[in-house]
Each structure stands twice: as C-alpha cells, then as structure tokens.
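*Asks:* Please work out how this folds:
(2 chains)
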Amino acid sequence: AQSVSQHNHHVILSEAASLELGCNYSYGGTVNLFWYVQYPGQHLQLLLKYFSGDPLVKGIKGFEAEFIKSKFSFNLRKPSVQWSDTAEYFCAVSLMDSSYKLIFGSGTRLLVRP
Amino acid sequence: GAVVSQHPSWVICKSGTSVKIECRSLDFQATTMFWYRQFPKQSLMLMATSNEGSKATYEQGVEKDKFLINHASLTLSTLTVTSAHPEDSSFYICSARGREGYGYTFGSGTRLTVV
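*Replies:* Numbers count the residues shown, from 1 in each chain, chains lettered A, B, ... in the order given. Here you go, the predicted model:
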C-alpha cells in the first residue's frame, strides 16, 4: 500500500535556526508532491508543490523542498525559521493513477522559540 | 483562484441522528472529490474518493454504510454521517480536484461533535 512517512514528529528550534523536515513515500509510479502547513486553529495552507521539472522547488514564506527521485524523498527546508513558523507541517503525495488520491504523512509539529 | 465551500463549519448532534456535510466547488468543475477526517493533533486520513456520477471508493476500514458519499454533480459532493455516535466526533475536510490542473483545493472543514 502507498504511504507517506514523516520522520520527525516534533521539532523544537530557536529563531534563526535552519530547518529540514524529512518526507519519504512509497509508491513506484508517478507522483506529485506537496507540503502543507496548518497554523494553530487554522486550515491547511499549501506551502509548495512539485509536479515536474526542476527538483528544487521554492514555495511561500521562504520554504523550499527538494525532490530526490532515487530516494523517494521530498524534504522541506528553510534557512532561518521565525517564531511565526510554529505550526504543523504535512507532506502529501498524489498518485498519478486514475484515482489521483492525495495521501498525507503523519505531520511534524514545529515549535520555534523566540 | 479555485475555491471550495464546505458547510456547515461546525455541527453538534445527538447520538443516533444523521448529519450531512456539503462541499461545493465554486468556480471550477470538481471531477474528483476526497473526504478526510482529522482527529485532534493527528494527520488527515483519507476516507473516500468520489468521482462525479459514480459510486465512491472507500479506504480500507471506512464503513461505507455509515459514511454515505454522494457526488451528483461536478460542483457538489456530500458526506452524510448516519446514526452518528460520539466516536464519530472529528474534523471532516473535503478536497476537490478539477479537470485542468493537478492541484487540490481544500474546504475549510467541518467540526462534528456528537453528544
């Protein structure tokens, strides 16, 4: 069965620290890849997405992610986090078969200390 | 941009009653809609996928007789929680995918509380 793994469940950083959140998926076919953010008490917001082309994708709020096909990975990065980045981050993979299912990872809760 | 309207945003119902949640794509045709549930501090779990005019496909472990999904038109999908029980209390979110793009647009979610 297809799955999405996020290795870090809780991450605590100080402001200005660099961030990298891991995401791996298991699916042999073509996929599209997404990172979403959910701020406390708010709804999902798309950070960035990868469909094709340059595997290094830039998103909103200074986030970027790199798709490494050989590793089935799509890690999220930010060079310098801010207190306002405190949120839950979800990696998601859509299967480019007839279902177009969008499957979410378990999420990573990020706390940035001022 | 693409907008998905989900109603109600919250609902409280008595145990044993049924609740219907609507999800509408406002400015695009949603060929496929997805229904998720999210428990507190957990991820979104895909419940089912529905394509316009056909029966929904349910994920393993999701009771299709309890969670009735109807996708009668290209702009509307409904989820009915039948004979709701307290353990059905959760946050339900719909997502729509249109013909043209690969993106997914999410509704704002419905918080269901069964008392």
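*Asks:* ok, which stretches of chain B are strands?
*Replies:* Residue ranges of the strands in chain B, as given by DSSP state E, are B:4-7, B:10-13, B:19-25, B:30-38, B:44-51, B:57-58, B:67-73, B:76-81, B:90-98, B:105-106, B:110-114.
*Asks:* and what of chain A?
*Replies:* Remark: strands assigned in chain A by DSSP E are A:3-5, A:10-14, A:19-21, A:24-26, A:31-38, A:44-50, A:56-58, A:64-68, A:73-78, A:87-95, A:102-104, A:108-113.
*Asks:* what mean pLDDT does the fourth one have?
*Replies:* When pLDDT is averaged over strand A:24-26, the result is 95.
*Asks:* could I get the strands of chain B as TSV with distance to residue A:54?
*Replies:* For every residue, glycine as well, the C-beta is placed using N, CA and C. Formatted as TSV, the strands of chain B follow (distance: least, C-beta to C-beta, whole Å):
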stretch	distance to residue A:54
strand B:4-7	29
strand B:10-13	41
strand B:19-25	30
strand B:30-38	27
strand B:44-51	28
strand B:57-58	33
strand B:67-73	35
strand B:76-81	34
strand B:90-98	23
strand B:105-106	24
strand B:110-114	37
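*Asks:* Rebuild these as TSV, extending it with mean pLDDT.
*Replies:* Listed next are the strands of chain B as TSV, based on pLDDT from 0 to 100:
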stretch	mean pLDDT
strand B:4-7	94
strand B:10-13	96
strand B:19-25	95
strand B:30-38	92
strand B:44-51	92
strand B:57-58	94
strand B:67-73	90
strand B:76-81	95
strand B:90-98	93
strand B:105-106	90
strand B:110-114	96
